[in-house]
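[1] everything below, folded, please.
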Amino acid sequence: MEAGVEQLAQFETYKFGENDAQETDLVSIRRGSTASNFQTPTAIVRVENLDAVFRSSETRRLLLRVPEFNFPIFDLAKSTDGHPLLALGHHLIQDSGLLNKLNLDSTKFINFMATIESGYHANLAFHNSIHAADVLHCINYLVQTPSIRSVFTDLELLAIYIAASIHDFDHPGVNNQFLIATADHRALLYNDKSVLENHHCASAFEVMARKDCSFLSTLDRAEYKSLRENVVDMVLATDLAQHFSLLTMFKKKVLTGDTFDPLGTREDRTLLMQMLMKCSDVSNPTKVGPEYDLWIDRIHEEWYMQGDMEKALGLPYSAFCNRDGPHASNPASSQTGFINFIVSPLYEAFRAWAPIEEVWQGLEYNKKRWADATAASETQSLKPRKSKPGLKLAPSPLDTSSPSIHNRSPMRLKSLFSPSSSISAQQSMVSAASSSSSKHLKLTRSKSTTHAMLQLDSSSSSVSPRLPPAVHFRRRGSDSGNLK
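    Down below sits the predicted model:
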């Protein structure tokens, strides 16, 4: 970590102007004769506790584990006081010497990363800066495979790191279909095509255009153009609407002929970058350990929040967004389909070109885990139920043996089964739990971190629609188009 101490000292003594401390840029987007202003988090963000982010012994200890695939990303979020993306980005880009090799300004780089991290909304359960840091870690792991690392130049490696860091920047917690259905200004701006992905990219480059964040300003025009093209291509590739076309193109080159040459062909090198980005973005089911269960809890909660808004607006529920649906309490339904139709074919094709055995073994383990859970659930449903009149079955107690990443008592939503494998990493996973019909789980959030926690609320059995503060709606043609 010594490699960035001097630059960090400069950052700590950097004098922020009054406008920098208070300014929030309003980006005007003109559509015909009507201008719609929406708030974009491009104001310079100052990290007050840099010691926690960069210099604490726990952070240093965790960063030594970056080469591990099953990296404890939630522990890093805690040790850095809610700044995992800044800490990991600094470690990979600054401490690796990449900025020095490319003669880039380290202070502006820290400004950029801190501002990008602030643009990930902490009130979201899944699409927050922890997810961005997790994707950044995964893509670094894949890139460091010897057969892959030799393909890319330092400038291309920087583009890969930037793309991973910004790929969900300013995510509102709802999907493209929701934005299109509600005539959101971003859907109108991007003509319903890769709405969020275009927004992530454009907003992040707005941040980079600020002089205090323009750490790429020393690149010449050709270098910047090349880097920008690579970043845009990678971020747009995360749109699942493009999934099958990109996968088919990759499989055609790799599996049906010896035509894939990323070292010698720019087109193939771009395709490899896109595959790396896609694999990293959906890597949760390849992880063996409690982090995967946490991610399942978080994505379901975010889906349910969208479902609550769809219900309030009279829209049909999107897939898996109905918290009262028949499969709401069983994550096997969503995870099995996600793995079988998206993740497994993607990694199977990638594995045909690059050796990623540890990653593949983790995916196969979880694939079998969910299949076993589904089979057990189907068997249980076929058994006749016996009950006595007036007798109510007590709910299973929630497991409190697993320490919370917040060192607090509130419990997160549990998976519905305990893994039977002897893999040591799985022994720490929490056991199954269910709740009575008079109770429900609600999301609460710590003001001091980006973490989300789930607490058991026994005060009411009804769930009212909840609109997260990061999402506002605008009627088509209305002048009130402010979005935070």
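
[2] could you pull out the helices for the stretch 1-150 of the chain?
    For the stretch 1-150 of the chain, applying DSSP state H, counting those that start in this stretch gives helices covering 5-12, 18-22, 50, 57-63, 73-79, 84-89, 98-102, 106-118, 129-143, 146-149.

[3] highest average neighbour count across those helices?
    helix 84-89 (a mean of 28; mean count of other CB atoms under 10 Å). C-beta here means a position set from N, CA and C on the backbone, and glycine is covered the same way.

[4] what's that one packed up against?
    Secondary-structure packing of helix 84-89 (3 or more CB pairs under 8 Å, 6 or more residues apart in numbering; DSSP states H and E): helix 57-63, helix 73-79, helix 106-118, helix 129-143, helix 154-166.

[5] going along the chain, name the helices of the stretch 201-350 of the chain.
    221-236, 243-254, 266-281, 290-312, 332-338, 344-351.

[6] could you list the residues in contact with the third one?
    With contacts defined as CB atoms under 8 Å, 6 or more residues apart in numbering, helix 266-281 is touched by 135-136, 138-139, 142-143, 148, 151-152, 156, 159-160, 163-164, 167, 230, 233-235, 237-238, 243, 246, 249-250, 253, 260-263, 346-347, 349-350.

[7] residue 113 is nearest to which of the helices of the stretch 201-350 of the chain?
    helix 221-236 (14.3 Å; CB to CB).

[8] and residue 256, what's its pLDDT?
    Looking at residue 256, its pLDDT stands at 79.

[9] what is the burial count for it?
    8 (other CB atoms under 10 Å).

[10] buried ones only from the contacts of helix 266-281, please, as a ChimeraX command.
    Buried members of those, defined by 16 or more other CB atoms under 10 Å, are picked up in ChimeraX with:
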select :135,136,138,139,142,143,148,151,152,156,159,160,163,164,167,230,233,234,235,237,238,243,246,249,250,253,260,262,346,347,349,350
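
[11] now for residue 133: which residues touch it?
    With contact set as CB under 8 Å, 6+ apart, residue 133 has these partners: 73, 76-77, 84-85, 87-89.

[12] which one among those residues gets closest to residue 379?
    Ranked by distance to residue 379 (CB to CB), these are led by residue 73 at 35.0 Å.

[13] hang on, the earlier thing: out of the helices and strands packed on helix 84-89, which gets nearest to residue 93?
    Short answer: helix 154-166, nearest of those by CB to CB, at 5.5 Å.

[14] any residues touching the closest one, and which ones?
    Taking CB under 8 Å, 6+ apart as the rule, helix 154-166 contacts 85, 89, 92-93, 98, 101-102, 113, 116, 132, 135-136, 139-140, 143, 152, 200-201, 204, 219, 223, 226-227, 230-231, 234-235, 269, 273, 276-277, 280.

[15] quick one: name whatever helix or strand follows that helix.
    Heading C-terminal from helix 154-166, the first helix or strand you meet, by DSSP states H and E, is helix 176-181.

[16] which is the succeeding secondary structure element to that next one?
    In N-to-C order, the element after helix 176-181 by DSSP H and E is helix 185-189.

[17] any chance of the contacts of residue 133 in TSV with pLDDT and distance to residue 321 as columns?
    Listed next are the contacts of residue 133 as TSV, based on pLDDT from 0 to 100; distance: CB to CB, whole Å:
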residue	pLDDT	distance to residue 321
73	97	25
76	96	30
77	96	26
84	96	27
85	97	27
87	94	33
88	96	30
89	96	32
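
[18] okay then, goodbye and thanks.
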